[in-house]
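Peer 1: Let's see this in three dimensions:
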Amino acid sequence: MAYLHYPERPERLTAEFVDEVFEALIARIAEAEASPSADDWDALVRDWNAFRFYYSSEWSRVNFRLSANFSDEDAIAAEQYFRDRVIPAVDDREDHIVSALLDSRHRPELEARYGRYFFRRSEVARAAMASVNSDLRMREAELQNRYNRLKATAQVVVEGRAMTFDEAESLFTSPDRELRRQAYCATSEWILERRDELAGIFDELVAIRHRMALNLGYDDFTKLGYEMRERTDYGPADTARFRRNIFSHFLPINRALVDDHARRIGVDRLSVIDRAYDPDRSLPRGIAGPVETQLDRAARLFASLSPRLGEHFATMLDENLIDLPNRPGKYGGAFCTARHDEGRCAVLLNSVGDASDVVTLLHEMGHAFQNWESTGIELFDLRSPTSDVAEIHSTSMEFLGMRHVDELLPEEYVGRFRRNAWRNAVNQLVGIARADEFQHWIYEHPEATIDEREQMWAEMGERYSSGLDVTGYERYQRTSWYEIGHLFMAPFYMIDYALARLVSMQLALIDDDDHERAMAIYLELCGLGGTRSFKGAVEQVGLRSPFEEEMVAELAARVGARIAGEGEEARD
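Peer 2: The predicted structure follows:
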């Protein structure tokens, strides 16, 4: 393969090679600093930049291989070597170069070349890569892998048949109530039975993250957690206000949806086992199947949506960059990962043939399209957006792709699918707000016991309650959060989905009236890559900030009216 970045490379990336390259780069700092111009620093940054594309892409390939099969011993060994040997070697040297660059006397000239945002991202990222926490980051990664392996290899039994977690959860939409009950109990029981192990992993993660924060002189992990997410234009106080706006304007819509669901099926309160099934609105299981034809049908969808996006998707199909079907041992989720040195990205999914596959496929391809559209951005730090911006690309594609979703679903169910997307988005906003508030409480109270955390989760469930009836299933409510992988893997990430969702809803409403304009905005967003902050990206394309309460209130009113049926018939 002809690599785009750092083409001269060893057969295998080793910690010794990393040491050698970084020592050579660091040896150039003094001369670059003494130079009368910033040219030597510029050359150093570009060489460092090329190497970053290389080792980050190697890490991407190693992780993807392991995620495809957590039972692959060679993949396990490769990931462990990279995590234990290569990443610490990188972190120790990266910290040195970043600090020297930020403190350079040539910084004003370099800011003129790269832009101030490059340096702002580097400033907040400096804490995340501080060498004082290298050993703690290694232990954190070990615990996260342990959690992932538990989930990936999980088997539950429903109606006498063993199945993966994803397959069991797909049964929540079954019209057979007894099957729904068994699937809910089987997955919930699996968590409850492993409560001590899951809680122990999380308890140690909290302790590690708190120690990281103390090592940097912070009171708790919250500030460091935000810096790890590279947030440059909002903080915890802003997200607290955002949650309050969701609580005020979207929770009432969600409660009305649950009440309406209960009324239509003839019960006073909607049971937790019935929440995902509605005889008037649910889609039949297997409706997006057969799985083996999904990608070919998706190719037609994206080609119809945008010739440019269609070409990107076709390349990924040709080069086998999409791992689609669910199977035992596979990472139990979905993600898109960049391979910058190839000018490519890869997507991992867990399709089982249900309508949820469509949402996940559109979501992850939104990330992939951003990768393709940003390949011309030269600097590593500006090629990929921060996670909050990245989720705009993915959640927007969930809505934009609905225009041609008949390629993936039978025509008679397309209107129902589109309407459900808006209902599900409201439900997700409320659930994310609850999880985010819970997460802030956790890191503000690192001394809390396992029991106290579970009690707080239950209390926040009451606060954000949409009125679901948990009678008969009370024993599962305190431990349900152990299934939320983001709490283990990516602290403070979840709110990014909610922030992005309010941006993507704006874009979806534009798409109702002017598809060409909506697609132009979308492609512009993808092309920005990581060159703008969250607020900066939203402003750049002419949309409104989700931190504005007036906007949230207006959007909630429009979404509520849309869900109630205004304008649906014309669209569907």
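Peer 1: hey, where'd the strands end up in the stretch 201-350 of the chain?
Peer 2: Residue ranges of the strands in the stretch 201-350 of the chain, as given by DSSP state E, counting those that start in this stretch, are 322-325, 335-339, 344-351.
Peer 1: Now do the longest one: which elements does it pack against?
Peer 2: The contact analysis (3 or more C-beta pairs under 8 Å, 6 or more residues apart in numbering; DSSP states H and E) places strand 344-351 against helix 39-68, helix 307-318, strand 322-325, strand 335-339, helix 355-373. Bear in mind the C-beta positions are built from the backbone N, C-alpha and C, glycine included.
Peer 1: Next: the first one.
Peer 2: In terms of contacts (3+ C-beta pairs under 8 Å, 6+ apart), strand 322-325 is packed against helix 294-305, strand 344-351.
Peer 1: got the CA coordinates for the longest one in PDB?
Peer 2: Only the C-alpha atoms of helix 294-305 are listed here, as PDB (Å, rounded to 0.1, in the frame of the first residue of the first chain):
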ATOM      1  CA  GLN A 294     -28.200  -4.400   3.400                       C
ATOM      2  CA  LEU A 295     -25.000  -2.800   2.100                       C
ATOM      3  CA  ASP A 296     -26.000  -3.200  -1.500                       C
ATOM      4  CA  ARG A 297     -29.400  -1.500  -0.700                       C
ATOM      5  CA  ALA A 298     -27.600   1.200   1.300                       C
ATOM      6  CA  ALA A 299     -25.400   1.900  -1.700                       C
ATOM      7  CA  ARG A 300     -28.600   2.900  -3.700                       C
ATOM      8  CA  LEU A 301     -29.800   5.100  -0.800                       C
ATOM      9  CA  PHE A 302     -26.500   7.100  -0.600                       C
ATOM     10  CA  ALA A 303     -26.200   7.400  -4.400                       C
ATOM     11  CA  SER A 304     -29.700   8.800  -4.500                       C
ATOM     12  CA  LEU A 305     -29.100  11.200  -1.600                       C
END
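Peer 1: From the chain's centre, how far out is it? Work that out for me.
Peer 2: Helix 294-305 sits 23 Å away from the centroid of its parent chain (C-alpha atoms, centre = their mean, to the nearest Å).
Peer 1: same thing with the last one?
Peer 2: Strand 344-351 has its C-alpha centroid displaced from the chain centroid by 13 Å (C-alpha atoms, centre = their mean).
Peer 1: Helix 39-68 and that one, what's the angle between them?
Peer 2: Computed by axes from the mean of the first three to the mean of the last three C-alpha atoms, to 10 degrees, the angle separating strand 344-351 from helix 39-68 equals 20 degrees.
Peer 1: Can you name the residues that contact Ala130?
Peer 2: Neighbour list for Ala130: Asp95, Asn215, Leu216 [criterion: C-beta atoms under 8 Å, 6 or more residues apart in numbering].
Peer 1: pretty sure the first one belongs to a helix, no?
Peer 2: Just to be clear, that refers to Asp95. Yes: counting by DSSP: H, G, I helix; E, B strand; the rest coil, one finds Asp95 located in a helix.
Peer 1: residues in contact with it?
Peer 2: Counted by C-beta under 8 Å, 6+ apart, Asp95 has contacts Arg126, Met129, Ala130, Ser131.
Peer 1: can you list these in a markdown table and add distance to Gln155?
Peer 2: Formatted as a markdown table, those follow (distance: C-beta to C-beta, whole Å):
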| residue | distance to Gln155 |
| --- | --- |
| Arg126 | 43 |
| Met129 | 38 |
| Ala130 | 40 |
| Ser131 | 41 |
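Peer 1: could you flag which of those are buried?
Peer 2: Arg126, Met129, Ala130 (16 or more other C-beta atoms under 10 Å).
Peer 1: one step back: so which of the contacts of Ala130 is the closest to Phe335?
Peer 2: Asp95 (26.7 Å; C-beta to C-beta).
Peer 1: so who does Ala128 touch?
Peer 2: Here Ala128 is in contact with Leu224, Glu227, Met228, Glu230 (C-beta under 8 Å, 6+ apart).
Peer 1: and what of Met402?
Peer 2: Met402 sits next to Phe417, Arg418, Ala421 when contact means C-beta under 8 Å, 6+ apart.
Peer 1: Wait, a strand at it?
Peer 2: No: counting by three-state DSSP, Met402 falls outside a strand, being helix.
Peer 1: From Glu123, how far off is it?
Peer 2: In this view, Met402 and Glu123 are 39 Å apart by C-beta to C-beta, to the nearest Å.
Peer 1: now do Asp341
Peer 2: For Asp341, the distance to Glu123 - C-beta to C-beta - is 26 Å.
Peer 1: and these two? which has more neighbours close in?
Peer 2: The neighbour comparison of Asp341 against Glu123 (other C-beta atoms under 10 Å) goes to Asp341, with 24 against 14.
Peer 1: Flag the shaky bits of the protein, pLDDT-wise.
Peer 2: 566-572 (pLDDT under 70).
Peer 1: Give me the neighbour count for Arg194.
Peer 2: For Arg194, the neighbour count with other C-beta under 10 Å is 16.
Peer 1: surely it meets Leu150?
Peer 2: Yes: at 6.9 Å, Arg194 counts as touching Leu150 under the criterion of C-beta atoms under 8 Å.
Peer 1: how much distance is there from stretch 538-554 to the middle of the chain?
Peer 2: 21 Å.
Peer 1: was I right about Gly353 contacting Pro284?
Peer 2: No: judged on C-beta under 8 Å, Gly353 makes no contact with Pro284 at a distance of 10.2 Å.
Peer 1: correct me, but Glu454 touches Ser480?
Peer 2: No: assessed by C-beta under 8 Å, Glu454 is found out of contact with Ser480, at 9.6 Å.
Peer 1: Please report the distance of the closest residue to Asn215 other than its chain neighbours from Phe534.
Peer 2: Of all residues not flanking Asn215 in the chain, Val132 sits nearest, at 4.9 Å (C-beta to C-beta, 6 or more residues apart in numbering). Separation of Val132 from Phe534 (C-beta to C-beta): 28 Å.
Peer 1: now swap in Ala15 and tell me
Peer 2: Per C-beta to C-beta, Ala15 is found 35 Å from Phe534.
Peer 1: swap in Leu283?
Peer 2: Using C-beta to C-beta, Leu283 is found at 33 Å from Phe534.
Peer 1: Between these two, which has more neighbouring residues?
Peer 2: Using other C-beta under 10 Å as the criterion, Leu283 and Phe534 rank with Phe534 on top: 28 against 20.
Peer 1: Run a quick neighbour tally on the closest residue to the more buried one other than its chain neighbours.
Peer 2: Nearest non-adjacent residue to Phe534, counting by C-beta to C-beta, 6+ apart: Asp388, 4.4 Å away. Using other C-beta under 10 Å, Asp388 has 27 neighbouring residues.
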